[in-house]
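Asker: Here you go, sequence then predicted model.
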Amino acid sequence: MTVLLRARRVLTEQGWLDNHQLHINGGTIVTIEPIPTGVTLRDAELLCPAYIDIHVHGGDGVDVMDDDPHALGRLALHKAREGVGGWLPTTVTAPLEEIARALQRIAQRCHQGGKGATVLGSYLEGPYFTPQNKGAHPPELFRELDVTELDRLIQISRNTLRVVALAPEKPGALAAIKHLKSRGVKVMLGHSAASYEETCRAFDAGADGLVHCFNGMTGLHHRNPGMVGAGLTDPRAWLELIADGHHVHPAVMSLCCGCAKPRILLITDAMSAAGMPDGDYSICGHPVTMQQGVVRTVSGGLAGSTLSLDAAVRNLVNDVGIPAADAIHMASLHPARMLGLEQTYGSLSVNKRANIIALDSQLKLQTIWIDGLPVLL
């Protein structure tokens, strides 16, 4: 089926194109060209690449860890409603058999597909952390790194495991990083008390970046740069950022963009309460409460977010002053590059998949097309 979409502005990797149209055939962008003179109809104010959320635990009342065959399908539609065309369902620290079952469900969805945002693989967040900056993760379930165990998890995932998060100060961390990289798995560092030096050694071993930068790690101090300092200054490091104004202050988001704009990955880290009313929920098997959209544990710590990725983009533009094109790329092109999928996803370009969003002038989502087909919002 051939689709023609026209917009006042189209965002490409090179920037905005005024009054251009996209021809789509078989779910692929075939041409991007100027709209013929005299044609006044526009399908959208802005056409942009669909977002990619690499770090999401839940939403719409369901969790990636739910032992429910319909949970991922419901989440896929929920993510599409915020402009996400591709995502990584993300596990949490839990008994190993529960993690294995979640990886199996994600692998099945990844191979079979379905309506809504495309599952691009899985993200293992835990159980390879240390207690000092544990966040909502239960430390009694933390495990030591074992390459045989990691290989088993990759096998269980049917090679759909794309990212493993770990604390770089753990015994065997550097060997585990090198092994995971040899298996084609990305490694992110977080929920850790690692020093600047330990973090740098992990990057030298092949680690790819920081899990939700600033949260769950040693912070920036002028005599002790910590994990944050290593991430901000190492040009190899991708930095996940929860741009909700609660996890990271807008001034710190500005600092992060100033140091690492080409390396920022906007994520939601959303949990089951995302898109739901205030009330009581659970994460990692523990009770949490959402008030005014902010989720906290019984002790008062933040426990995931209720952020949507389209809101994260708007927050960077409206609260930090980041140009819209840059903020959109942080939620689309950058995650595609980090995952090594930029030949297929992440930008509007000829021969790439037609994962496209129509936005209004306020960057509010109007329509999303996944593989060239509109998704009912």
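Answerer: That came through fine. Not measured: the values here are computed from a predicted model.

Asker: okay, CA-based contacts and neighbour counts for the rest of this
Answerer: Noted.

Asker: Buried residues, the longest helix along the chain. List them.
Answerer: Counting by DSSP state H, the longest helix found in the chain is helix 96-112. Across helix 96-112, burial judged by 16 or more other C-alpha atoms under 10 Å covers 96, 98-110.

Asker: Same check on stretch 68-75?
Answerer: Here stretch 68-75 shows 71-75 as buried, counting by 16+ other C-alpha under 10 Å.

Asker: which secondary structure element contains the closest residue to Thr199 other than its chain neighbours?
Answerer: In this structure, Thr199 finds its nearest non-sequential neighbour in Met227, 5.8 Å apart by C-alpha to C-alpha, 6 or more residues apart in numbering. Counting by DSSP states H and E, the element that carries Met227 is helix 226-233.

Asker: and that helix, what does it pack onto?
Answerer: helix 196-205, strand 238-242, helix 250-260 (3 or more C-alpha pairs under 8 Å, 6 or more residues apart in numbering; DSSP states H and E).

Asker: try 7 Å
Answerer: helix 196-205, helix 250-260 (3 or more C-alpha pairs under 7 Å, 6 or more residues apart in numbering; DSSP states H and E).

Asker: Assign the residue nearest the centre of the chain to helix, strand or coil.
Answerer: Centroid-nearest residue in the chain: Ile54, 2.5 Å away (criterion: C-alpha atoms, centre = their mean). Secondary structure for Ile54, judged by DSSP: H, G, I helix; E, B strand; the rest coil, is strand.

Asker: Now do the contacts for it.
Answerer: 87-88, 267, 335 (C-alpha atoms under 7 Å, 6 or more residues apart in numbering).

Asker: mind putting those residues in TSV, pLDDT included?
Answerer: Below are those laid out as TSV (pLDDT from 0 to 100):
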residue	pLDDT
Trp87	98
Leu88	98
Ile267	98
Pro335	98
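
Asker: Please work out which of the helices and strands packed on helix 226-233 is packed deepest.
Answerer: Neighbour counts (mean count of other C-alpha atoms under 10 Å) averaged over each of the helices and strands packed on helix 226-233 peak at helix 196-205, with a mean of 20.

Asker: what comes into contact with the next helix-or-strand element following that helix?
Answerer: Once the chain leaves helix 196-205, the next helix or strand it forms, by DSSP H and E, is strand 209-210. When contacts are defined by C-alpha under 7 Å, 6+ apart, strand 209-210 is touched by residues 188-190, 231, 237-240.

Asker: Just the buried residues of the residues you listed.
Answerer: For those, buried by 16+ other C-alpha under 10 Å: 188-190, 231, 237-240.

Asker: Would you format these as CSV with distance to Cys48 and pLDDT included?
Answerer: Shown next, in CSV, are the buried ones among the contacts of strand 209-210 (distance: C-alpha to C-alpha, whole Å; pLDDT from 0 to 100):
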residue, distance to Cys48, pLDDT
Met188, 27, 99
Leu189, 30, 98
Gly190, 31, 98
Gly231, 28, 98
Ala237, 25, 98
Trp238, 22, 99
Leu239, 22, 98
Glu240, 21, 98
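
Asker: which residues in the stretch 51-200 of the chain form helices?
Answerer: Under the criterion DSSP state H, counting those that start in this stretch, helices of the stretch 51-200 of the chain are mapped to 71-80, 96-112, 147-156, 173-182, 196-205.

Asker: The stretch 251-377 of the chain too?
Answerer: 309-315, 324-330, 333-339.

Asker: Mind checking those for the one nearest to Tyr123?
Answerer: helix 333-339 (11.0 Å; C-alpha to C-alpha).

Asker: and that closest one, what does it pack onto?
Answerer: Against helix 333-339 (3+ C-alpha pairs under 7 Å, 6+ apart) you get strand 264-267.

Asker: switch the cut-off to 8 Å
Answerer: strand 51-56, strand 264-267.

Asker: And the contacts of the last one?
Answerer: Looking back up the chat, that one is strand 264-267. Strand 264-267 is contacted from outside by 53-56, 212, 238-243, 257, 309, 312-313, 330-331, 334-335, using C-alpha atoms under 8 Å, 6 or more residues apart in numbering.

Asker: Partner strands of it, with direction?
Answerer: Sheet pairing of strand 264-267 (DSSP bridges) gives strand 238-242 (parallel).

Asker: what are the ranges of the strands in the stretch 1-150 of the chain?
Answerer: Secondary structure of the stretch 1-150 of the chain (DSSP state E, counting those that start in this stretch): strands at 2-12, 15-25, 28-34, 44-49, 51-56, 58-59, 62-63, 84-89, 118-119, 122-125.

Asker: Also the stretch 251-377 of the chain?
Answerer: 264-267, 279-283, 286-291, 294-297, 356-359, 365-370, 373-374.

Asker: closest one to Asp60 among the helices of the stretch 51-200 of the chain?
Answerer: Nearest of these (C-alpha to C-alpha): helix 71-80, 6.5 Å.

Asker: For that closest one, output the C-alpha coordinates as CSV.
Answerer: Coordinates of each C-alpha in helix 71-80 appear next as CSV, following Å, rounded to 0.1, in the frame of the first residue of the first chain:
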residue,chain,number,x,y,z
ALA,A,71,0.4,-7.0,29.3
LEU,A,72,3.0,-6.2,26.6
GLY,A,73,0.3,-5.7,24.0
ARG,A,74,-1.5,-3.2,26.2
LEU,A,75,1.8,-1.5,26.9
ALA,A,76,2.6,-1.3,23.2
LEU,A,77,-0.6,0.6,22.5
HIS,A,78,0.0,2.8,25.6
LYS,A,79,3.5,3.7,24.3
ALA,A,80,2.1,4.4,20.8
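
Asker: beta partners for the nearest residue to Ala165 once chain neighbours are set aside?
Answerer: Distances taken as C-alpha to C-alpha, 6+ apart place Met188 nearest to Ala165, at 4.6 Å, with adjacent residues excluded. When bridges are called by DSSP bridges, Met188 pairs up with Ala165, Gly209.

Asker: how about Met188, what does it touch?
Answerer: Applying C-alpha under 8 Å, 6+ apart to Met188 gives the contacts 163-166, 207-211.
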